[in-house]
Each structure stands twice: as C-alpha cells, then as structure tokens.
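Peer 1: fold the following and give me the result.
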Amino acid sequence: MDITLIVILVAVALIILYVIAIFNKLVTLKNRFKNAFAQIEVQLKRRYDLIPNLVETAKGYIKHERGTLEAVVEARNAAANMLSSAAADPGNAGAMKDLIGAEGKLAGALMNFNMVMEAYPDLKASQNMMQLSEELTSTENKVSFARQAFNDQVMAYNIYKQSFPPVFFTPMFGHAQDATLLEFEDSEAIQAAPKVSF
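Peer 2: Okay, the predicted model is just below:
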C-alpha cells in the first residue's frame with residue numbers, strides 16, 4: 001500500500017515537473033522570437049530615419065517629382081506605424097500581416113523613387129546621395145539578417161508548440177496561436193547599384 005502510494009506520488013511529481021518544463025520552454029522560445037523581432041525593429045527604425053534624409057537630399061534635384069517624394073514619405077510613415085503595432089506583439093499575425101503590407105508599399109515607393117532618380121544624373125552623382133544610398137543598402141542587409149534570425153526563432157517556437165506532447169498544453173498556457181513569419185519582398189532590387197556600361 002505504501003509503495004503504491006509512493007509510486008503514484010513520484011509519477012505525479014514527474015508529470016508536474018514535465019509540464020513545468022514544457023511551460024518554461026514555451027516561454028523561452030516566445031521570448032527568443034520577441035527578442036529577434038526587437039533586432040528587426042532597430043534596423044527598420046534606422047532605415048526609416050534614413051529615408052527623410054534621402055528625400056531631403058533629392059528635393060533640390062527633383063523639383064518636378066513632388067508626388068514621388070510624397071509617396072515615399074507617406075509609405076515610410078505608414079510602415080513606421082505598422083512597425084510600432086507589430087513590436088507591441090510580435091506574435092500577432094494581424095500585426096505582422098499589416099507590417100508586411102506596409103513594407104511592400106514602402107518598397108514600391110522606393111522602387112519608383114529609384115526609377116525617377118535614374119533620370120537625374122547629378123542627383124545620382126551627389127556625394128550625399130551616394131552615402132545615403134550606401135547606408136540604406138547596408139541597413140537593408142542588416143534587416144535581412146535580422147529577419148532570418150527572427151524567422152528561425154518563430155519556426156523553433158511553432159515546431160515545439162505543435163509537437164507531441166506540448167501540443168496538449170499550449171492552449172492552456174496561452175500559446176494557442178502560431179507566431180507568424182516575417183517575409184518581406186527582397187529589397188535588394190530597390191537598393192541595387194545602378195549598372196554602368198562604357
């Protein structure tokens with residue numbers, strides 16, 4: 001009788017410890033992908049801070065392209081707002097979708113800006129514009145690396161919470177919703193150096 005009770009208590013204690021380990025692992029994985037998103041946030045904010053400088057530099061050269069410049073600024077502001085929403089809850093699929101959409105619009109506006117810039121050789125040759133373009137390209141690369149790290153952490157979180165036996169406990173621990181991957185269009189095409197041929 002006593003041995004049976006001891007075996008039952010040990011089994012219950014092991015189950016409780018295992019459930020605690022599942023909970024702790026979920027918390028750890030969620031915090032890792034939130035931290036990875038914070039790294040994306042830093043780089044996107046840096047990019048958003050560079051864009052007004054880019055527009056200001058271009059204003060002196062592109063006097064007749066006001067609509068293009070305004071579109072870039074509007075898209076930048078919208079993306080910055082969506083970034084704030086996504087940063088508040090990186091696991092929220094809706095916030096991620098909104099950020100992805102805003103980043104797509106910003107990428108399109110920057111693509112149009114680069115196409116307009118091609119018609120202004122003095123602007124392209126400007127030292128300030130070349131420096132800003134280089135900084136923007138560097139920041140885009142950092143965003144890509146940070147996004148990859150974030151997506152890796154999201155995958156680890158989603159895989160763990162969907163595996164057996166954690167899948168039984170995730171809803172009860174508040175981890176029912178999968179985290180969403182952050183997949184922007186590659187902006188390398190936007191920031192690519194112009195081709196020069198002689």
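Peer 1: longest helix of this protein?
Peer 2: helix 2-59 (DSSP state H).
Peer 1: remind me what it packs against, helices and strands.
Peer 2: In this structure, helix 2-59 packs against helix 66-88, helix 93-117, helix 127-162, helix 166-169, with contacts taken as 3 or more C-beta pairs under 8 Å, 6 or more residues apart in numbering; DSSP states H and E. Where you see a C-beta, it was placed from the backbone N, CA and C, and this is true even at glycine.
Peer 1: pLDDT at the residue nearest to Thr68 when sequence neighbours are not counted, what is it?
Peer 2: Excluding the flanking residues, the one nearest Thr68 by C-beta to C-beta, 6 or more residues apart in numbering is Val116, at 5.0 Å. In this prediction, Val116 carries a pLDDT score of 88.
Peer 1: for Val116, the count of nearby residues, please.
Peer 2: Counted with other C-beta atoms under 10 Å, the burial measure for Val116 works out to 18 neighbours.
Peer 1: OK, contacts around it?
Peer 2: By C-beta atoms under 8 Å, 6 or more residues apart in numbering, Val116 lies in contact with 62, 65, 68.
Peer 1: what of Lys97?
Peer 2: Thr180.
Peer 1: do I have it right that Ser85 meets Asp98?
Peer 2: Yes. Proximity of Ser85 to Asp98 meets the contact threshold set by C-beta atoms under 8 Å, at 6.4 Å.
Peer 1: more neighbours: those two, which one.
Peer 2: Asp98 (18 against 15).
Peer 1: pretty sure that one contacts Ala86?
Peer 2: Yes. Counting by C-beta under 8 Å, Asp98 does reach Ala86; the two are 7.2 Å apart.
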